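In: My questions concern the predicted model and sequence given below.
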Amino acid sequence: MQSGNKNFSDWKIKYLGWSGFCIHNNDDTHIFIDPPKGTYFPPEVKIIIFITHGHPEHLGGSLDRIKQNVIGGRTRIIASKTIVTYLKGICQCSNVEFFKVKPEQRFILTPYLSFEVFEWQHMPLLPPDFGVAVLYILRILKKFREAWRIIKMSLNGPLGPGRMLGYTLHLLGNKNIIIYGEGLHRQSCVEDISAIGHRVPGATLLVASEPEDTNQLPTLVMASGASEIFLYEPHSPWRDLFSLPHIDLHALKRTLLSKGLNVTIPKIEM
């Protein structure tokens, strides 16, 4: 695909809920990151899907896509070996291509999109304070049926979430995006984040934010070298379900704005 007269500098980023995003600037191709269940895939366009890991809320949209008899545009799915093996085993769509990737690999996928792969550590499931962690567990157990439904989704999925993969996307028009999934948190290594950021200075960074990491996130974001930040709370529906606290994204935004960054808290668009 050649750029022709299309404006490849005007890439749009749309938040889909959970950890899902759609990136596009024309009607020919849409790039999806961890599209959640219920994601709308425009017909008659090429679809590229990057999957960071195999937890159920990250796979829902891809599962919908590969079970459809898609007419028109081709679908490419980029994921770890574990996730590709699982998805290929249940794929019912003939025009889907799968790409197994692992950390430190680099690819030129199209004339306007190249990417690199890195690995990250998933954010902790419980807060660090013992008393607060116990409170979380009690609230989850109080709604055991809902918790069991979520556990069953994982058990019915791939054998484990696979490697936690991040991506640096290089888009025509000098647009770079760093995708960490849920890998920026209090246990992240600042040096590793800085090293990845050096590859794409001034990039757009998608930041999954949890309340227990509020104090650490400004340091991590600054270490990334990014100039544009998208803040979102990845597990907001589950926090609502189990009456768990939410992060104050607007307070975090004010802190990052004071450091000269361009910060957006996107609304969900399906």
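Out: The structure has been received and is ready for your questions.
In: Strands along the stretch 101-250 of the chain, start to end?
Out: Per DSSP state E, counting those that start in this stretch, the stretch 101-250 of the chain has strands spanning 106-110, 113-119, 165-171, 175-179, 204-208, 228-232. These are given in chain order.
In: How far does the second one sit from its chain's centre?
Out: Meaning strand 113-119. With C-alpha atoms, centre = their mean, to the nearest Å as the basis, strand 113-119 stands 13 Å off its chain's centre.
In: Same question for the last one.
Out: Between the centre of strand 228-232 and the centre of its host chain there is 12 Å, according to C-alpha atoms, centre = their mean.
In: what angle do it and strand 175-179 make?
Out: Our comparison of strand 228-232 with strand 175-179, counting by axes from the mean of the first three to the mean of the last three C-alpha atoms, to 10 degrees, yields an angle of 30 degrees.
In: ok, back up a step: single out the most deeply packed of the strands of the stretch 101-250 of the chain.
Out: strand 204-208 (a mean of 24; mean count of other C-beta atoms under 10 Å). In short, each C-beta sits where N, CA and C put it, glycine included.
In: Tell me where the stretch 1-150 of the chain has helices.
Out: For the stretch 1-150 of the chain, helices defined by DSSP state H, counting those that start in this stretch occupy the ranges 56-66, 81-90, 130-142, 144-155.
In: returning to what we had before: please produce JSON lines containing the strands of the stretch 101-250 of the chain, extended by mean pLDDT.
Out: Shown next, in JSON lines, are the strands of the stretch 101-250 of the chain (pLDDT from 0 to 100):
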{"stretch": "strand 106-110", "mean pLDDT": "94"}
{"stretch": "strand 113-119", "mean pLDDT": "96"}
{"stretch": "strand 165-171", "mean pLDDT": "96"}
{"stretch": "strand 175-179", "mean pLDDT": "96"}
{"stretch": "strand 204-208", "mean pLDDT": "97"}
{"stretch": "strand 228-232", "mean pLDDT": "97"}
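In: Tell me the spacing between residue 124 and residue 188.
Out: For residue 124, the distance to residue 188 equals 11 Å [C-beta to C-beta, to the nearest Å].
In: My error: substitute residue 120 in the last question.
Out: Separation of residue 120 from residue 188 (C-beta to C-beta): 7 Å.
In: ok so, going back, residue 124 and residue 188: which is more packed in?
Out: The neighbour count for residue 124 versus residue 188, taken as other C-beta atoms under 10 Å, is higher for residue 188 (20 against 14).
In: So the closest residue to the more buried one other than its chain neighbours versus residue 17, what's the distance?
Out: Distances taken as C-beta to C-beta, 6 or more residues apart in numbering place residue 220 nearest to residue 188, at 5.7 Å, with adjacent residues excluded. To residue 17, residue 220 is 23 Å away according to C-beta to C-beta.
In: Mind listing residues that contact stretch 262-270?
Out: Stretch 262-270 has contacts (C-beta atoms under 8 Å, 6 or more residues apart in numbering) with 13-17, 38-40, 227-232, 249-250, 253, 256-257.
In: Could I have the buried ones of these as PyMOL selection syntax?
Out: To isolate the buried members of the contacts of stretch 262-270 in PyMOL, using 16 or more other C-beta atoms under 10 Å:
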select buried, resi 13+14+15+16+17+39+228+229+230+231+232+249+253+256
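In: on that earlier part again, OK, contacts around the residue nearest to residue 188?
Out: 184, 185, 188, 190, 193.
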